[in-house]
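K.L.:
have a look at this prediction, sequence included:
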Amino acid sequence: MIVALLTPFAGKAQQSPGLPTGSQLAWQDMEYYLFMHFGPNTFTDKEWGLGDEPEDVFNPTDLDCEQWCRIAREAGAKGIIITAKHHDGFCLWPSKYSAHTVRESKWKNGKGDVLKELSEACKKFGLKFGVYISPWDRNHPKYGTPEYNDVFVNMMKEIFQNYGPIWELWWDGANGEGPNGKKQVYDWKRFENTVRELSPSTVIFSDVGPDIRWCGNEKGIAGETNWNYLNTAGFTPGAGAPPTDTLNRGNVHGKNWIPAECDVSIRPGWFWHENENSKVKTPEQLFDLYLKSVGRGANLLLNVPPDRNGLISPEDSASLMGFKKLREESFAGDLLKNISARLDNVVAERRGLDYRTGYRLGDKNADDMSFITFEFHSPQKVNCIVLKERLEDGQKINLGRIVLKNGEKTVFTKSFTTIGHKRILVFPVKEAASITISFQNALGYPVIYKPEAYLVDERLTGN
């Protein structure tokens with residue numbers, strides 16, 4: 001399989017299908033943000049509630065959404081997505097279309113509204129606000145009937161009209177048995193049209209988009225080959241989704257631009273459980289996930305569930321801060337920052353308001369190799385290369401290689417396939433006098449930003 005993925009495409013370079021919207025490009029620049037699973041499961045010690053939980057079980061007496069946002073911002077996360085309604089049907093806002101909400105709980109005497117508090121806190125701390133709303137509802141009496149689609153649409157309208165702007169809307173594809181023994185027939189197109197009418201700039205996540213796709217696992221790991229393209233014809237969210245390996249890699253010739261998002265929890269479970277306080281992922285484990293998500297062209301959605309007091313626990317917070325420290329230290333000293341490149345079949349260009357230097361590949365002949373070489377003033381130790389592709393015109397790079405040399409002697413080579421928004425390549429520490437990055441047979445004429453090189457703590461690279 002790996003050999004097949006590294007094989008160049010035959011023939012002339014092809015025009016890439018599908019182009020990203022401005023909202024999708026802005027979404028990829030987010031790179032890393034928090035998921036927050038919160039609701040009755042937090043108090044019942046369950047992962048999937050049955051929908052029969054007494055509303056009074058939800059009582060986060062010390063809820064502090066500003067604490068969530070303060071920690072998120074200090075950890076370098078750029079947004080928060082909250083489980084406004086999980087499969088149990090409990091609404092974290094006082095929905096007019098359900099009797100299973102915070103309004104029926106004893107929390108704040110039924111006057112509480114988690115979505116209101118969190119949306120306001122996100123604005124205060126400069127974070128994007130996103131909402132997860134499960135179509136499955138194990139409590140609502142109309143679930144399993146056509147009328148439930150009206151209920152779901154009305155719930156989404158409440159959220160957009162009362163708590164916007166909503167940056168990302170997250171649809172889980174779960175579909176359980178309804179009260180009449182039938183599964184709900186979700187009207188996905190109607191759901192999408194509702195969102196487009198209410199908030200055209202909102203990006204929508206599901207297994208098959210329409211804007212963002214699931215990476216195919218809940219481990220937070222994107223494919224080493226990861227195309228932002230996906231074929232969605234004949235597929236639906238949930239059970240009707242493409243195979244997980246397809247979601248993980250995308251489709252090189254897919255018709256739709258639907259980049260991958262990697263969801264994973266900082267704990268073994270998605271909701272807070274006291275017996276998991278000692279099982280929080282370490283900063284080093286989170287850094288490894290960063291390399292395998294953001295470092296493979298996807299976004300990282302890291303779940304950090306609030307506890308029964310309504311606070312991010314100290315264990316989770318400490319790990320998040322350690323994770324930020326590792327990222328800052330690892331990518332602080334770009335070895336190529338002040339070095340000019342020698343170019344072969346490459347044209348240097350400057351484009352964009354930030355005037356970042358870029359390189360346009362394959363200008364002489366689309367089938368020729370393109371080379372970008374950096375020569376150090378003296379040999380340097382290096383074990384990490386960061387590549388970024390300009391995506392406004394699509395994703396085009398499908399095969400490349402880095403070569404490290406000391407004089408004429410090659411000390412290390414590493415092949416790679418896709419780049420996308422960002423590719424972080426790590427390898428054993430090598431001392432090199434030059435670094436050459438080559439590209440072959442791309443899909444069109446790619447533009448990459450100036451590569452970066454780092455010496456990262458070897459304990460973080462798995463080498």
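P.N.:
Structure received. Values in this document were obtained by computation on a predicted structure and should not be read as measured data.

K.L.:
quickly list the domain ranges of the protein.
P.N.:
Domain ranges of the chain: 17-330, 341-457, per automatic domain parsing.

K.L.:
most packed of these?
P.N.:
Burial of the domains of the chain is given as mean neighbour count (mean count of other CB atoms under 10 Å); domain 17-330 ranks first at a mean of 20. Placement of C-beta: from N, CA and C, glycine included.

K.L.:
taking the centroid of this structure, which residue is nearest it?
P.N.:
Among the residues of the chain, the smallest C-alpha distance to the mean C-alpha position (CA atoms, centre = their mean) belongs to N299, namely 2.5 Å.

K.L.:
go through the domains of the chain and find the least confident stretch.
P.N.:
Note on the domains of the chain: lowest mean pLDDT is at domain 341-457, with a mean of 89.

K.L.:
now do the same end-to-end measure for it.
P.N.:
Its first and final residues considered, domain 341-457 spans 26 Å by CA to CA, to the nearest Å.

K.L.:
likewise for stretch 85-93?
P.N.:
9 Å.

K.L.:
quick one: contacts of stretch 450-462?
P.N.:
284, 287-288, 291, 326, 329-331, 333-337, 341, 356-359, 372, 374, 380-387, 426-429, 435, 437 (CB atoms under 8 Å, 6 or more residues apart in numbering).

K.L.:
now, those residues that are in strands?
P.N.:
Those of the contacts of stretch 450-462 mapping onto strands are 341, 357-359, 372, 374, 380-387, 426-429, 435, 437, per DSSP state E.

K.L.:
SS state for G310?
P.N.:
Under the three-state scheme (DSSP: H, G, I helix; E, B strand; the rest coil), G310 adopts coil.

K.L.:
now do the same contact list for it.
P.N.:
For G310, the contact set (CB under 8 Å, 6+ apart) comprises F38, P60, T61, D62, L63, D64.

K.L.:
would you turn these into a markdown table with distance to V403 and secondary structure?
P.N.:
Shown next, in a markdown table, are those (distance: CB to CB, whole Å; DSSP: H, G, I helix; E, B strand; the rest coil):
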| residue | distance to V403 | secondary structure |
| --- | --- | --- |
| F38 | 49 | coil |
| P60 | 55 | coil |
| T61 | 60 | coil |
| D62 | 56 | coil |
| L63 | 55 | coil |
| D64 | 52 | coil |
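
K.L.:
and those residues, which is closest to T236?
P.N.:
The nearest member of the contacts of G310 to T236, counting by CB to CB, is F38 at 27.5 Å.

K.L.:
nearest spatial neighbour of the closest one, chain-adjacent residues omitted?
P.N.:
With CB to CB, 6 or more residues apart in numbering as the criterion, F38 has its nearest non-adjacent residue at 5.1 Å, and that residue is P306.

K.L.:
that neighbour and I159, how far apart?
P.N.:
Plainly put, P306 is 19 Å away from I159 if you go by CB to CB, to the nearest Å.

K.L.:
got it, and D344?
P.N.:
When CB to CB is the yardstick, D344 and I159 sit 53 Å from each other.

K.L.:
ok, G178 next?
P.N.:
Taking CB to CB as the measure, G178 falls 23 Å from I159.

K.L.:
repeat for K255
P.N.:
Distance check for K255 against I159: by CB to CB, it reads 30 Å.

K.L.:
could you do E392 as well?
P.N.:
Separation of E392 from I159 (CB to CB): 31 Å.

K.L.:
before we move on, what about T244?
P.N.:
When distance is defined by CB to CB, T244 is 29 Å away from I159.

K.L.:
do V203 as well
P.N.:
Distance from V203 to I159, counting by CB to CB: 15 Å.
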